[in-house]
Structures are given as structure tokens and as C-alpha cells.
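J.: what follows is a protein structure lacking sequence information:
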């Protein structure tokens, strides 16, 4: 399902970034000042990595002096990115598949923006619900293709007690939510 809405339409163009040499103390101050949960690490408009609040929290616990640690020592170098012409549904699927909350937007090897789940929800909160249902349907279809779901019936889930369409899993009749949580 395509929406016709492109990543470039929703991305934040004024993303927060620092150079690889910036120390973690300055990075943390910048995140607090700009009220963001991550920083793009770039050099000459080229994406070098990403630093998140979790990374800095880890450094606070493990290291003593954040002023002596440059961002390049802690940043994630393998960053999941998107292109500005990608459909927003494809971007959401990438977010879910890669289990990330932020996607730098890259065009011709240059960082031009940042896309977050909040950017997507800002345009239409209902879009997220619609897309999550579509993803669930696709997952169930894939399971059917792989032969994981052999039987289906309507009834009471033996795990949570909900009344809905059930699938047999290891001898138990379970709803879609309980089946997908395994």
C-alpha cells in the first residue's frame, strides 16, 4: 500500500548535528538544549554516524569523564537511512524491520534531513493505525505461506481470553496478538 506521501515531505530539515570530534559532554548539552533524542554525526555534509540518548547514558554509567570521549568513539557507524523520494509506508516498514526510531535522510551521500515516527504521526495519527494493521495482515500472510498456520477458527484465545479469530500454535488456540508475540 502506497500513500503517495514521500519522506522528503515529512522529514525534519533542521536536524541537530555535531562533528565526530565533539566530546560527549557537549553532545549531551546539545541534545538537552535542542530537546532531541539523537544527534547526526556528520563531516562535510557526509553522514558518519548517529549518537542517541541511550549511547550517552551508557557512557555516563561506564565512563567517568565525558569531556574526554569524542562522539566518533561511541556513535553507531552502520546507520539505517532512507531517501527523500521513498514512500512513507516503505519508511515505516524500514523503521519496524530495523527496530529504529529515527532515519537520517540521505541524497547523493549527503545528509539532508531526519525522519522520526513523530514526523509521520504529525501528518495523520490515523495513518499509523492503518499501516500497523496492514503490516499485521502481511505478517499473517507470510506465516500462512511458510506453513506456520495450519488451522484457523473463531473462538476464545487460550492465552489471553479474547474472543476473535484464532490460530493453532503448539496445540493451543491463540489470537493474532498472542501468536505474533511468540
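T.: Good, I have the coordinates. As the structure is a prediction and not an experimental result, all values here were calculated from the model.

J.: residue 116 - how many residues pack around it?
T.: Here the count is done by other CB atoms under 10 Å, and residue 116 has 20 residues near it. The way it works is simple: take the backbone N, C-alpha and C, and place the C-beta from them, glycine included.

J.: tell me how far it lies from residue 122.
T.: Going from residue 116 to residue 122 by CB to CB, to the nearest Å gives 9 Å.

J.: equivalent analysis for residue 69, please.
T.: Residue 69 sits 34 Å away from residue 122, taking CB to CB as the criterion.

J.: would you list every one of the strands in this protein?
T.: 17-18, 38-43, 46-52, 102-107, 110-116, 152-156, 163-169, 172-175 (DSSP state E).

J.: adding mean pLDDT and distance to residue 64 as columns, could you present the ones you listed in a markdown table?
T.: Listed next are those as a markdown table, based on pLDDT from 0 to 100; distance: least, CB to CB, whole Å:
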| stretch | mean pLDDT | distance to residue 64 |
| --- | --- | --- |
| strand 17-18 | 96 | 21 |
| strand 38-43 | 95 | 22 |
| strand 46-52 | 95 | 19 |
| strand 102-107 | 94 | 28 |
| strand 110-116 | 94 | 31 |
| strand 152-156 | 75 | 56 |
| strand 163-169 | 77 | 49 |
| strand 172-175 | 82 | 49 |
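
J.: can I get those strands in a markdown table including distance to residue 96?
T.: Formatted as a markdown table, these follow (distance: least, CB to CB, whole Å):
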| stretch | distance to residue 96 |
| --- | --- |
| strand 17-18 | 25 |
| strand 38-43 | 18 |
| strand 46-52 | 18 |
| strand 102-107 | 11 |
| strand 110-116 | 13 |
| strand 152-156 | 24 |
| strand 163-169 | 21 |
| strand 172-175 | 20 |
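
J.: these: which one's closest to residue 5?
T.: strand 110-116 (11.3 Å; CB to CB).

J.: if you count neighbours, what's buried in that closest one?
T.: Residues 111-116 are the ones in strand 110-116 that count as buried (16 or more other CB atoms under 10 Å).

J.: same deal with stretch 48-55?
T.: Quick answer for stretch 48-55 (16+ other CB under 10 Å): 48-52, 55.

J.: for stretch 71-78, same thing?
T.: Going by 16+ other CB under 10 Å, stretch 71-78 has these buried residues: 71-72, 74-75.
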